[in-house]
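# Okay, sequence plus prediction incoming.
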Amino acid sequence: MDGGSGPGPEPVTAAGPSPAPELAPEADPDVEPLPRGRFRCRLCQVAAANRPSLAEHLRGKKHQRLRSLRAERRAQEQRSLFVSGFARGTAAEELAAYFGAFGEVVAVVMDKEKGAYAIVELQEAASREQALAQPQHTLAGRSLRVRPREQKDFTRPSLGCGARREPLSPGQLEQALCQAADVDTQMEQLVGLLELSEGERRLRHLLVTLFQEVFSEFFPGCTVLPFGSSVNGFDAHGCDLDLLLDLEPTKSLQTSARGAPGARSSGDPGAEESILSDIDLASASPPEVLELVVAVLRRCVPGVRRVRAVPTARRPVVKFSHKQSGLAGDISIDNRLALHNTQFLRLCGEADKRVRPLVYAVRLWAKQQGLAGNPAGGGPLLTNYALTLLVLFFLQTRSPPVLPTVARLRELAGDEDRMVVAGWDCSFPQDAALLEPSANSESPSSLLAEFFRVFGDFDFSEQLVSLREGRVLPLPEAGEPFKLGSLNLQDPFELSHNVAANVNEKTASRLGRCCRDAAKYCRSLQYCRKSTKGRGWGLVRLFKPGAVEPGAGAGSFLISITVAAAQPPSQLCEEPGGHGFKEICAAIAFVLRDVLQCSCVPGKPLKQVGASGAEHSLPQDTVLGDEPLGDAAGLEEEPLQPPVGSKRPQSDRMDGTALPGAKRPRVNGPEEEVVASWSCAVWHRVWMGRRRLRRQLLHGASPEEPDGVSLELEQKVSEAIVQHEGAARPPEPLLRFEASAQLAGGTQRELRVLLRLAPTPAPGPLFRDFFHFLQAFLPLAVQQHLGWGPGAAPQS
Ligand code: UTP
């Protein structure tokens, strides 16, 4: 830990009356040299540009004040005791009176929140030694546990908000990225903008230390070990704090203590109050151990909130959040493999400098598209771990590879790296310097584009993604422990584990679709070239949901509605503004207004733009003038590598959008037709909890039953949400957006309409959630209303 905690002597400084021989400032144990002649004072956490400014800082008031505070704290610690085991409700005065027998008590600090322990400070260090020398302490019939107070590293910030950094707002991130010179620089910058700051890392370290300190009191010998994003090299502001509480040493201690003569019997007066009580950890079931962990967290760790055990998870955990730091975390009691796969991820991040920028870019893209993340209670999205593995697999399959396969890493492992955990071989070198450098010379930005191209056309359900082999394998036979699903991604070490088993078909197919849209965007000028007009370009548009779909502008979100008819209405293919198109527009308004209870006020009738391309008025959608994407932008597709695991040759693409030279209907160019627009407002969170409400309204029957559900039911669901939120309209809507519909293409049997949503002000997470819901809900609801489509129930 580097919080100015060097155990060395207090350095001599030039402050003071007698001009003692001045120590070279850089010899101060609090000082750390930095590159280019700079220095950092670890105690005050400030950097100095050169020696004179360092010397000035060391003489300054702030540094001197912190030094004396540290000295005082250390002396205090050496006079203090950590006391637990007393009855709940015991007063500080009672403890002061009891320890007064050993010497003058200066202070008793009770654990404010839970009252489970106290720090007793004595006037003299010798008094503390006397108290410690006494083998038994009993207060009010209870056996006290009395230990020296832990010597803590001195750190300037408290566990509070000091080291907390507000996450960058989407606007700030966008602004920073727009200024980069090219996409490679944007990717590099992204890592710097998202990764944990030094203060945040220190805060996590302090929390781990706090947990270790408290758990050691109740589970002697245990260790608290961080894993996951805090330590795997793919950290981001606010990421979870995953911890493993290793109780193996405690179990051994407990077993040997039970066998020893004079072992504590259950009749011990302190036993029933002790959290560990009589539980034998070696024979306790995981839920019992989790309950103990819950009890320790609730009663003894200051600032910890929302503690709950999740015993049914594949790896049972206790979830918690920490008030002052705002961090959320999980404590596992049985997940040693995670320590090793964390180390593996770290090794991959260090093996090649393109890995981290690529993982950060893919992770943020997937989060923004609602494809990945770790929502509380699981869900059908990819976990961040699964998504990271997918990127690593992609890098293993480049030609030449950027990363070695896990099998190759096993060959490179030295004797000291050989490791089998829970029966799985986890051998790989610990040091990235031992790996052969990659001969691959692709840039990060082209790797990102290739990632989307490869997975845009990937058959996730019919093959096994193997990081061990670095290639796809046939699916395991049914009946094997590997849980087959819509996405089959094998853990690199625990080979029977599908890390994407939770991903449902809808998410898997959306992943493919989003990758195809992103791949298409990556071939446009807007991805490759910095905008000269100050518009979003490169990564910026990639991170906006819906913004990279063909035809989307920089500030808008697109929903594509295709209405197919088994027996097309006679005028389905009429020109824009004709009967078919008008009916679709009316259906859109109906769904927004009547089904989803949004306000939806028609805008001024908009003129159409004829094939002549003559100028006509367009809605107040400032982004319509953006450079068009893809082929319309005049970019040729690059020659393609045969993608790993692709479903079909690129030329067979169903939508035809990626065919070199193939034309899609231009929706952004001069032939654009915009014939309907609305000003909309959303007043209630009508996108949340619909599935549950549907079930309730159907009295437990599944909405997916053959006869489907009606829009009538969807209306009732929205009404129930509105009622639940208080029925009356809030003074201000939750969201406002302008919507405009345009015809994007049509055939004898189907019509495609693009609905563009332009939120005002700039979209936040709430709008993104609403948009993701609407993207799935609206097309089906419109089809259903018109009775032209397949009539499937909206799945949201
Ligand atoms: P996460 O999916 O939470 O990944 O898994 P993360 O990188 O920590 O991302 P955040 O925290 O959401 O930002 C956490 C860790 O749990 C283990 C891995 O060690 C992973 O790094 N894990 C997760 C598994 O071992 N198997 C799994 O299927 C999932």
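Received, thanks. Numbering: from 1, shown residues only.
# Neighbours of Phe581, how many?
Using other CB atoms under 10 Å, Phe581 has 25 other residues around it. C-beta here means a position set from N, CA and C on the backbone, and glycine is covered the same way.
# What is the neighbour count of Leu34?
Leu34 has 12 neighbours, counted by other CB under 10 Å.
# Just the pLDDT for it.
For Leu34, the model assigns a pLDDT of 83.
# Report the contact partners of it.
For Leu34, the contact set (CB atoms under 8 Å, 6 or more residues apart in numbering) comprises Arg40, Ala47.
# I'd like to know how far it sits from the ligand.
29 Å (CB to the nearest ligand atom, to the nearest Å).
# Same question for Thr397.
21 Å.
# Can you give me the pLDDT of that residue?
So Thr397 comes in at 98 (pLDDT).
# Then His579?
60.
# Then the one 4 residues further on?
On the pLDDT scale, Glu583 is placed at 88.
# next one: Trp537
92.
# now do the one 4 residues further on
With respect to pLDDT, Arg541 scores 91.
# Count the neighbours of it for me.
Counted with other CB under 10 Å, Arg541 comes out at 24.
# So it is in contact with Lys520, correct?
No - Arg541 lies out of contact with Lys520 (CB atoms under 8 Å); the separation is 11.8 Å.
# Near the nearest residue to Leu403 once chain neighbours are set aside, how many other residues are there?
Among residues not flanking Leu403 along the chain, Leu395 sits closest, at 4.3 Å (CB to CB, 6 or more residues apart in numbering). Counted with other CB under 10 Å, residues neighbouring Leu395 total 24.
# Give me the next element, helix or strand, following the host helix or strand of Leu395.
Using DSSP states H and E, the element containing Leu395 is helix 384-396. Downstream of helix 384-396, the next assigned helix or strand under DSSP H and E is helix 406-412.
# is it fair to say Val563 lies in a helix?
No - using DSSP: H, G, I helix; E, B strand; the rest coil, the assignment for Val563 is strand, not a helix.
# chain center to stretch 383-393, what's the gap?
Put simply, stretch 383-393 sits 13 Å off its chain's centre (CA atoms, centre = their mean, to the nearest Å).
# Please apply the same query to stretch 187-206.
Taking mean C-alpha positions (CA atoms, centre = their mean), stretch 187-206 and its chain are 13 Å apart.
# tell me which residues of it are tucked away?
187-191, 193-196, 200-206 (16 or more other CB atoms under 10 Å).
# ok, now stretch 474-491?
Applying 16+ other CB under 10 Å to stretch 474-491 flags Pro476, Phe482, Gly485, Ser486, Leu487, Asn488, Leu489, Gln490, Asp491 as buried.
# mean confidence score for it?
93.
# Can I get it in PDB? Just the C-alpha atoms.
Only the C-alpha atoms of stretch 474-491 are listed here, as PDB (Å, rounded to 0.1, in the frame of the first residue of the first chain):
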ATOM      1  CA  PRO A 474     -18.000 -29.000 -31.900                       C
ATOM      2  CA  LEU A 475     -20.600 -28.800 -29.100                       C
ATOM      3  CA  PRO A 476     -20.200 -31.300 -26.300                       C
ATOM      4  CA  GLU A 477     -22.600 -34.200 -26.300                       C
ATOM      5  CA  ALA A 478     -25.900 -33.700 -24.500                       C
ATOM      6  CA  GLY A 479     -25.700 -35.100 -21.100                       C
ATOM      7  CA  GLU A 480     -22.200 -33.800 -20.400                       C
ATOM      8  CA  PRO A 481     -22.000 -31.300 -17.500                       C
ATOM      9  CA  PHE A 482     -21.500 -28.400 -19.900                       C
ATOM     10  CA  LYS A 483     -24.700 -26.400 -20.000                       C
ATOM     11  CA  LEU A 484     -25.500 -25.800 -23.700                       C
ATOM     12  CA  GLY A 485     -27.200 -22.500 -24.500                       C
ATOM     13  CA  SER A 486     -27.600 -19.800 -27.100                       C
ATOM     14  CA  LEU A 487     -24.000 -18.800 -26.600                       C
ATOM     15  CA  ASN A 488     -21.500 -21.500 -25.800                       C
ATOM     16  CA  LEU A 489     -18.400 -20.000 -24.300                       C
ATOM     17  CA  GLN A 490     -16.100 -22.400 -22.400                       C
ATOM     18  CA  ASP A 491     -14.300 -21.100 -19.300                       C
END
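# For it, which outside residues touch it?
341, 382, 386, 389-390, 393, 460-468, 473, 495-505, 507-509, 511.
# ChimeraX command for the buried members of those?
Per 16+ other CB under 10 Å, the buried members of the contacts of stretch 474-491 correspond to this ChimeraX selection:
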select :341,382,386,389,390,393,460,463,464,465,466,467,468,495,497,498,499,500,501,502,503,507,508,511
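# How is Glu200 assigned, secondary-structure-wise?
Quick answer, by three-state DSSP: Glu200 is helix.
# From Gly326, how far out is it?
11 Å (CB to CB, to the nearest Å).
# and if you look at Phe770?
25 Å.
# ditto for Leu473
Relative to Gly326, and taking CB to CB, Leu473 is found at 42 Å.
# can you give me the offset of the host helix or strand of Gln186 from its chain's centre?
Per DSSP H and E: Gln186 is located in helix 183-194. Distance of helix 183-194 from its chain centroid, counting by CA atoms, centre = their mean, is 17 Å.
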